[in-house]
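Novice: Here is my input; please provide its structure:
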Amino acid sequence: MKFFNREKEINEILRILNREPDDIYFIYGPLNSGKTTLINHIINNELKKCSKKYAVFYVNFREYDISSMDNFVEALFEIDENSKEKKIKSYIESFTTGVNDIINLYYGIKVPEPILDKLFGEKERGRLVFKFIRDLFMSLHKKGIQPVFILDELQMIKDIVMNGGKPLLKSLFQFLVSLTKERHIAHVFCLSSDSLFIEYVYNAGELRDRADYILVDDFDKQTALKFMDFLAVDNNIELNNEDKELIYSYVGGKPKLIVRVINKLGIMDLKDVLELMLKDDMQKLKYFLNDLDYIKPKVSIKDELIEIKKEDIIEALKLFKNTYEISDDKIPEPVYIYLIKENILFLDPIRGILKPQSYLVWNAIKRLL
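Specialist: Now for the predicted structure:
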């Protein structure tokens, strides 16, 4: 399927890429709002239109089991099958000399296996890993090639961070600050739908005035209706205005859900498709609420474990019966943190706004409560 819209976000990211690196950028938004699709579109299409040379190093943490420091290091690197080099300095020189295209995309930091073994074997592994990446990026930068470091699905490192890995997190982001704000040699983008973890990273990594945010939200209504027209043409189906309004009333502007609806047309009636999707979300919400009778949900806030009552969760969800967005101060912090962790609510920390993860979730709340 062809890429649709997002001109505002594309132009914002391209403006960032066309100036000197100076900040770490967190690209955040609700589940399935299109963050990864957006960044991949920019890498594979928009950068090719630029005259500047880019070397993009893309790491998707979802592809790895990040349960230890070794897993984390493995996720950062891609074995260079064409090189058996054992000396870091000479490898970096040969690698950067070979980067000649306008856009070079690597899934991880390229490194020969002997050098990776060396990085794993050293006692000061973390320091050497960061030094290798720094030296590689500096070498590229000196040759007029702009490194772009993308860490997608950042929340997948949360387990090791929360289980004694806070020093790793601080070291990682202080290193990224050195690449961006201090040396100005690499652009850094971190993608996640977990806005709570992004806020934790921002504070634990000491990123005040060193990081900025880019929201990739679900489509607004006007854009969502245009997206439906776009998909209808692409799939050779007909949608009238009533159909489009009905689709929006069920799934809102979430691109993935709109695509799911369109893909089922021709197999099922539109109303049946939408009702089936809603019933699925209603069942999930019902099971979630029923489970609260048997478990005692808890969240940790400032190292204090706080128990949450089922009635408090229900009262919080009832606030959404007549509105899609509310201020985060309308719900007690432990309650909304738990609902966010369960992927029922999404927090926009910049605006201080809470909303259901999707219109489907919102409609399930309204029907059940």
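
Novice: hey, let's count contacts and neighbours off CA atoms from now on
Specialist: OK.

Novice: Ile109: what's it in contact with?
Specialist: Neighbouring residues of Ile109 by CA atoms under 8 Å, 6 or more residues apart in numbering: 57, 76-78, 133.

Novice: any idea how far His187 is from it?
Specialist: From Ile109 across to His187, the span is 14 Å (CA to CA, to the nearest Å).

Novice: try Met277
Specialist: To His187, Met277 is 40 Å away according to CA to CA.

Novice: who has more neighbours, these two?
Specialist: Taking neighbours as other CA atoms under 10 Å, Met277 and His187 compare with His187 leading, 25 against 16.

Novice: what's the distance between the more buried one and Ile150?
Specialist: In terms of CA to CA, His187 sits 8 Å off from Ile150.

Novice: what does Ser192 give?
Specialist: According to CA to CA, Ser192 stands 11 Å off from Ile150.

Novice: Where do the strands of the stretch 1-150 of the chain begin and end?
Specialist: 24-28, 53-60, 77-79, 103-106, 109-111, 145-152 (DSSP state E, counting those that start in this stretch).

Novice: closest one to Ile262 among those?
Specialist: Closest of the strands of the stretch 1-150 of the chain to Ile262 is strand 24-28, at 25.9 Å (criterion: CA to CA).

Novice: List of residues touching the closest one?
Specialist: With contact meaning CA under 8 Å, 6+ apart, strand 24-28 is reached by 35, 176-177, 180, 187-195, 198, 210-216.

Novice: For ChimeraX, write a command that selects the buried ones of these.
Specialist: To isolate the buried ones among the contacts of strand 24-28 in ChimeraX, judged by 16 or more other CA atoms under 10 Å, type:
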select :35,176,177,180,187,188,189,190,191,192,193,194,195,198,210,211,213,214,215,216
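
Novice: Narrow the contacts of strand 24-28 to those in strands?
Specialist: Counted as lying in strands by DSSP state E, out of the contacts of strand 24-28, are 187-192, 211-215.

Novice: ok, so of the residues you listed, who is nearest Asp70?
Specialist: Relative to Asp70, the closest of these is Cys190; by CA to CA it sits at 20.4 Å.

Novice: residue contacts, the closest one?
Specialist: Neighbouring residues of Cys190 by CA under 8 Å, 6+ apart: 24-27, 150-154.

Novice: The same query, at a cut-off of 6 Å, please.
Specialist: Cys190 makes contact with 26, 150-152 under the criterion CA atoms under 6 Å, 6 or more residues apart in numbering.

Novice: between the residues you listed, which is closest to Lys321?
Specialist: Lys321 lies nearest to Phe26 out of the contacts of Cys190, by CA to CA, at 30.9 Å.

Novice: Just grab the bridge partners of that closest one for me.
Specialist: With DSSP bridges as the criterion, Phe26 is bridged to Cys190, Tyr213.

Novice: Give me the pLDDT value at it.
Specialist: Listed pLDDT for Phe26 reads 97.

Novice: Quickly list the domain ranges of this structure.
Specialist: Following automatic domain parsing, the chain resolves into domains at 7-215, 221-368.

Novice: mean pLDDT for those: which is lowest?
Specialist: Ranked by mean pLDDT, the domains of the chain end with domain 7-215 at the bottom, a mean of 89.

Novice: So what's the residue count around Ile247?
Specialist: Counted with other CA under 10 Å, residues neighbouring Ile247 total 23.

Novice: Actually, Tyr200.
Specialist: Using other CA under 10 Å, Tyr200 has 12 neighbouring residues.

Novice: before we move on, what about Gly205?
Specialist: By other CA under 10 Å, 22 other residues sit near Gly205.

Novice: Share the number of residues neighbouring the closest residue to it other than its chain neighbours, please.
Specialist: Counting by CA to CA, 6 or more residues apart in numbering, Lys170 is the residue found nearest to Gly205 once chain neighbours are left out, at 4.5 Å. If you count neighbours by other CA under 10 Å, Lys170 ends up with 19.

Novice: Lovely, talk soon.
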